[in-house]
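Q: Okay, predicted coordinates and the sequence, questions at the end:
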Amino acid sequence: MMFTYAKEKIQIGNTTMIAAKQFEIFCGLGGVGKTTLAAARALHLALLGRKILLITIDPSRRLKDLLQIKEENAGKIESVPLSNFSENAEGFLDAILLSSSVTLARVIEPSLAEKVSQNTIIKTLTGTYSGLTEVLAPMEMFYFYNKNQYQTIILDTPPGRHFIDFLDSYQRIRQFFDQRVINGLRQIKKLKFNPVDLSMKKIIGVDPWIFVHKILNEGIRKILEYLEKITDRSFLNEFINSLELIYGARGAFLNLLEKWHLLQDKNFANWFLVTAVEQDRILELLELHKKAKGIVHSDSYLILNKCLSSYWDMKDGNNSKDVSNSNDERNNNLGKQAKNSKLNKIRNSLYDKELNLKKIALSTFSEDRILEFLEILEEPSFAQLLLISEGWNTFNQK
């Protein structure tokens with residue numbers, strides 16, 4: 001029986017907070033605190049007693065330490081004791097550093113797993129910089145969804161333009177597993193000449209290279225093209241044989257892909273688009289959001305991270321009167337006031353700038369869909385991550 005928590009709202013006192021969903025996806029640009037906020041959200045929900053899995057792709061070294069993630073254990077679940085963060089807390093937060101090769105091994109048939117894991121070309125295709133990490137991330141989510149072990153699965157997506165690769169993964173996987181592609185590749189093996197110099201579409205009705213190229217990033221494509229040039233035809237055949245192995249898992253991939261519609265259902269998924277209160281960052285994220293329309297549902301949230309305005313009690317500063325008696329004390333206070341006046345001007349300027357940036361955000365998101373998090377001016381630590389996680393208590397479900 002599957003968990004039925006998709007529509008559940010979290011109640012603390014008289015406040016109904018943002019509902020936890022089966023899937024929660026954090027996306028945005030690099031360097032805006034996206035991964036930290038995803039980890040804080042996972043911690044927040046875990047401390048409320050939910051069974052949580054956090055899937056992350058490229059966390060900072062410090063965050064890896066906090067989540068007890070090790071590169072050599074990529075693809076394996078690490079269970080972090082909640083007592084690390086709050087002394088009396090019980091239970092664990094599960095976290096996993098996504099590994100393309102491990103995800104592929106999970107998805108394919110057990111009978112193919114050993115062959116795939118030992119295949120040199122497939123190892124290259126599933127390497128860290130192959131571009132398959134973004135494509136396979138949804139497969140990892142849906143795999144654990146089918147396992148029915150977690151009430152909420154949180155995915156920290158790759159930053160920037162790689163997020164678009166993640167959004168395109170549905171179409172890219174479906175195109176890659178088009179039966180015409182594998183038929184075309186098999187035809188290539190039978191040809192007596194070099195197919196790279198000819199239009200395969202003219203020969204067999206479809207150009208399989210188009211679909212193969214769509215699944216790989218530019219760097220890996222160049223490597224493969226170079227290897228094909230400096231080796232004999234046997235490399236090309238070996239490459240096609242490797243792809244045929246992956247095609248053996250076609251059914252498993254397409255079955256998992258059928259869950260994609262859940263990410264577009266506001267009852268099953270929360271999307272959090274993260275940016276910092278800097279003009280270029282906000283504009284870039286709004287552009288990403290525009291490209292994601294039709295995939296990210298309309299009830300998504302915009303997170304403005306690294307806000308400073310909440311640190312300031314009053315915009316006009318401290319206007320306390322000078323009540324000193326001596327001339328020396330009065331002169332000293334006048335000097336302090338002059339210094340404070342400059343600081344207030346700087347502060348007020350930053351305040352106005354931040355306010356204007358929020359107005360830009362309001363051009364796309366309604367006020368109840370914009371969440372603000374304070375700038376944390378220290379390296380992430382157990383205490384700091386707990387502090388950020390407590391920030392989720394302040395947002396109400398509208």
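A: Thanks, I have it.
Q: C-alpha only now, for contacts and for neighbours.
A: Will do.
Q: Spell out which residues make up each domain of the chain.
A: For the chain, automatic domain parsing gives the domain ranges 21-170+260-315+326-398, 173-254.
Q: Least confident of those domains, on average?
A: Lowest mean pLDDT within those: domain 173-254, at a mean of 61.
Q: Show the residue spans covered by the strands in the stretch 251-398 of the chain.
A: 269-276, 301-307, 370-374 (DSSP state E, counting those that start in this stretch).
Q: elements contacting the longest one?
A: Counting by 3 or more C-alpha pairs under 8 Å, 6 or more residues apart in numbering; DSSP states H and E, the packing neighbours recorded for strand 269-276 are strand 23-28, helix 279-291, strand 301-307.
Q: Go through these and pick out the most buried.
A: Comparing the helices and strands packed on strand 269-276 by mean neighbour count (mean count of other C-alpha atoms under 10 Å), strand 23-28 comes out on top with a mean of 26.
Q: Could you check the angle that strand makes with strand 301-307?
A: Counting by axes from the mean of the first three to the mean of the last three C-alpha atoms, to 10 degrees, strand 23-28 lies at 50 degrees to strand 301-307.
Q: Name the residues that touch the strand or helix carrying Leu53?
A: According to DSSP states H and E, Leu53 maps onto strand 52-56. With contacts defined as C-alpha atoms under 8 Å, 6 or more residues apart in numbering, strand 52-56 is touched by 35, 38-39, 42, 45-46, 93-98, 141, 150-157.
Q: hang on, the earlier thing: need the strands of the stretch 251-398 of the chain in JSON lines with distance to Asn73, can you?
A: Shown next, in JSON lines, are these (distance: least, C-alpha to C-alpha, whole Å):
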{"stretch": "strand 269-276", "distance to Asn73": "27"}
{"stretch": "strand 301-307", "distance to Asn73": "30"}
{"stretch": "strand 370-374", "distance to Asn73": "31"}
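Q: Minimum distance to Ala249: which of those strands has it?
A: Closest to Ala249 of the strands of the stretch 251-398 of the chain is strand 269-276 (C-alpha to C-alpha; 26.8 Å).
Q: Parallel or antiparallel, which strands does that closest one pair with?
A: Partner strands for strand 269-276, per DSSP bridges, with pairing direction: strand 23-28 (parallel), strand 301-307 (parallel).
Q: Next one: Ile164 from Thr157, what distance?
A: Plainly put, Ile164 is 10 Å away from Thr157 if you go by C-alpha to C-alpha, to the nearest Å.
Q: right, I mislabeled it, should have said Phe142
A: Distance from Phe142 to Thr157, counting by C-alpha to C-alpha: 15 Å.
Q: of the two, who's got more company?
A: Thr157 (27 against 20; other C-alpha atoms under 10 Å).
Q: Now distance to Arg281 too, for the strands paired with strand 269-276, in CSV please.
A: As requested, the strands paired with strand 269-276 are exported to CSV (distance: least, C-alpha to C-alpha, whole Å):
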stretch, distance to Arg281
strand 23-28, 9
strand 301-307, 10
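Q: before we move on, the earlier item: and of the strands of the stretch 251-398 of the chain, who's closest to Leu82?
A: Here strand 370-374 is closest among the strands of the stretch 251-398 of the chain (C-alpha to C-alpha), at 22.3 Å.
Q: Helices of the stretch 1-150 of the chain, start to end?
A: Under the criterion DSSP state H, counting those that start in this stretch, the stretch 1-150 of the chain contains helices at 34-47, 61-66, 100-107, 110-118, 120-125, 132-147.
Q: Would you tell me which one of the ones you listed is buried the most?
A: Mean neighbours per residue, mean count of other C-alpha under 10 Å, is largest over the helices of the stretch 1-150 of the chain for helix 34-47, with a mean of 24.
Q: what's near enough to touch Arg150?
A: Let me fix one detail, which is that residue 150 is Tyr and not Arg. Applying C-alpha under 8 Å, 6+ apart, we find Tyr150 in contact with Phe3, Lys51, Ile52, Leu53, Phe144.
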